[in-house]
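**Q** sequence plus the predicted model coming up.
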Amino acid sequence: MSKFVINGGKILSGEVNISGAKNSALKLIAASILADKKITLSNVPIIEDVNTMVKVLRILGAKVSLDEKNGKILIDPSSIDSFEAPYELVRKMRASILVAGPLLSKFGSVKVAIPGGCNIGSRQIDLHLKGFEFMGTKNSLEHGYVHAKATAKKLKGAVIDLDFPSRGATENIMMAACLAKGKTVINNAAREPEIADLSNFLVSMGADIQGAGTDCIIINGVKKLSGTNYKIMPDSIEAGTFITAAALCGKEVKVNGAVSKNLDLFLLKLKEIGINIDIIDNNTIIIKENGAFNPVHISTLPYPGFPTDLQPIIAVLLSIISGVSIITENVFENRFMYVDELNRMGANIKIDGHHAIITGVGKLSGAPVSACDLRAGAAMVLAGLAAEGITEVLGIHHIQRGYENFDKKLSLLGADIKKE
Ligand code: EPZ
């Protein structure tokens, strides 16, 4: 099993370019099923999860070519002849469930493995299934698969009130509504920037969607969707990861492609901590060497709240700030798995239910640690950059799922990190 070996304490400086957003790219690849003609996606991050989603589309019968050198994908969905997403791929990547909405909208049928839980929580799909039922499917669960079938020729538009602003449910229902008969309204919709990116992509194919990015999205079904060329938005979570790395051990680091308006609350919290941040334009953020830091309280919430995906990342920064910081995790039920690993590096964090009470320590010390999941793994790397001595991060396949050339980008900033 490969690992990262990090010799901590190096000062980071220079520029880093942010890649395309994983949590938009995966949905746009799935949404391509809806098109009648070829789709070209650019600014595609070359990461493991994109390879998995490409495999899912190929299993459905689509022709997909991935140009890794130029970060482009060409998808021809016209040859799709299967509507089943197999367990071995859904188990590997929960986002595979997002082929359900497009397959139902275009073909009226889908059989998809129920994604198991993962390290951060149970990851239910009840809101997805309830939305499909409102649009006229009959859902049956058997042998670990959900089989959803439209009872009429086409799905029908419906008013759907989400109990929770689930991103996946919002995305799946929005895609299901594109070719449905009539109007669909999604109330209490998720508002993440990636939802707007998916809507812009669908509209560029001829979909009729208003309100993406707000909590009420209206979709009027159309007869068909054509091909398009589309550039994927930058990855806010990757940007937040590098901004935090710079805050931890940077002299002056320029992060290019970090759309600051997508990171509002995160950047406000960093300023409250005392991090010296310049926002040059909407896309460039400079972090300069800092003075004293202050402890803070952070609560994760659906967008525009503090992003849960940056919770493990900011915890590393808070772990070396004197005083007591508190993180409350409101989105997932089990997203503190990384704390035991961080405490092995000398951090002093106590978990009390949904709260992490972080008492800052002067320094972290390098140690062999494990990546429990994608963002926890990135947090371990950042801890290694800031720690004294050598840190080995095992299980880096988790990190490679969602960060493009993570170690290379950090090395270019001056980190001493090697993959073994
Ligand atoms: C997306 O997951 C992201 N993944 C996650 O990023 C991110 O952490 C999460 O949104 C929250 O922002 C992708 O976009 C591929 P949800 P998703 O549906 O869509 C519960 C990363 O690191 N829920 O908003 O699965 C669910 O159990 C990953 O890049 C239901 O109860 O998130 C969870 O507690 C990790 N029933 C909460 O809602 C449902 O039907 C948030 O889920 C759906 C969700």
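**A** Perfect, thanks for sending it. Numbering: from 1, shown residues only.
**Q** please make it C-alpha for all contacts and neighbour counts, starting now.
**A** Will do.
**Q** tell me where the stretch 51-200 of the chain has helices.
**A** Using DSSP state H, counting those that start in this stretch, the helices assigned to the stretch 51-200 of the chain run over residues 87-92, 100-107, 126-134, 167-177, 193-204.
**Q** got those as CSV, with mean pLDDT, distance to Val159 and mean neighbour count columns?
**A** Shown next, in CSV, are the helices of the stretch 51-200 of the chain (pLDDT from 0 to 100; distance: least, C-alpha to C-alpha, whole Å; neighbours: other C-alpha atoms under 10 Å):
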stretch, mean pLDDT, distance to Val159, mean neighbour count
helix 87-92, 86, 28, 16
helix 100-107, 97, 16, 27
helix 126-134, 97, 8, 20
helix 167-177, 98, 11, 27
helix 193-204, 98, 18, 22
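**Q** could you save those helices as CSV and add columns showing distance to Ala383?
**A** Formatted as CSV, those follow (distance: least, C-alpha to C-alpha, whole Å):
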stretch, distance to Ala383
helix 87-92, 27
helix 100-107, 38
helix 126-134, 36
helix 167-177, 29
helix 193-204, 28
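**Q** in a markdown table: those, plus distance to the ligand.
**A** Below are those laid out as a markdown table (distance: least, C-alpha to the nearest ligand atom, whole Å):
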| stretch | distance to the ligand |
| --- | --- |
| helix 87-92 | 12 |
| helix 100-107 | 13 |
| helix 126-134 | 3 |
| helix 167-177 | 3 |
| helix 193-204 | 8 |
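**Q** nearest to Pro45, out of these?
**A** helix 193-204 (14.3 Å; C-alpha to C-alpha).
**Q** spell out which residues of the stretch 301-420 of the chain are next to the ligand.
**A** 308-309, 331-332, 374-375 (C-alpha under 6 Å from any ligand atom).
**Q** and if you look at the stretch 101-250 of the chain?
**A** 122-128, 166-169.
**Q** next, count neighbours for Gly144.
**A** Neighbourhood size, Gly144 [other C-alpha atoms under 10 Å]: 12.
**Q** could you list every residue that touches it?
**A** 113-114 (C-alpha atoms under 8 Å, 6 or more residues apart in numbering).
**Q** ok, it to Ala113 distance?
**A** To Ala113, Gly144 is 6 Å away according to C-alpha to C-alpha, to the nearest Å.
**Q** with Asp197 instead?
**A** Relative to Ala113, and taking C-alpha to C-alpha, Asp197 is found at 26 Å.
**Q** swap in Ser166?
**A** For Ser166, the distance to Ala113 (C-alpha to C-alpha) stands at 19 Å.
**Q** who wins for neighbours among the residues of the stretch 301-420 of the chain next to the ligand?
**A** These, ranked by neighbours (other C-alpha under 10 Å): first place Arg375, 25 neighbours.
**Q** quote the end-to-end distance of stretch 58-73.
**A** First residue to last in stretch 58-73 (C-alpha to C-alpha) measures 13 Å.
**Q** got a pLDDT number for Asn290?
**A** Looking at Asn290, its pLDDT reads 69.
**Q** I misspoke; the intended subject was Leu318.
**A** 98.
**Q** next, count neighbours for it.
**A** For Leu318, using other C-alpha under 10 Å, the count is 27.
**Q** so which of Ser166 and Ala113 has more stuff around it?
**A** Ala113 (24 against 19).
**Q** now do the nearest residue to the more buried one once chain neighbours are set aside against Gly305, distance only.
**A** Distance criterion C-alpha to C-alpha, 6 or more residues apart in numbering; nearest residue to Ala113, sequence neighbours excluded, is Tyr145 at 4.1 Å. To Gly305, Tyr145 is 33 Å away according to C-alpha to C-alpha.
**Q** who has more neighbours out of the two?
**A** Taking neighbours as other C-alpha under 10 Å, Tyr145 and Gly305 compare with Tyr145 leading, 18 against 15.
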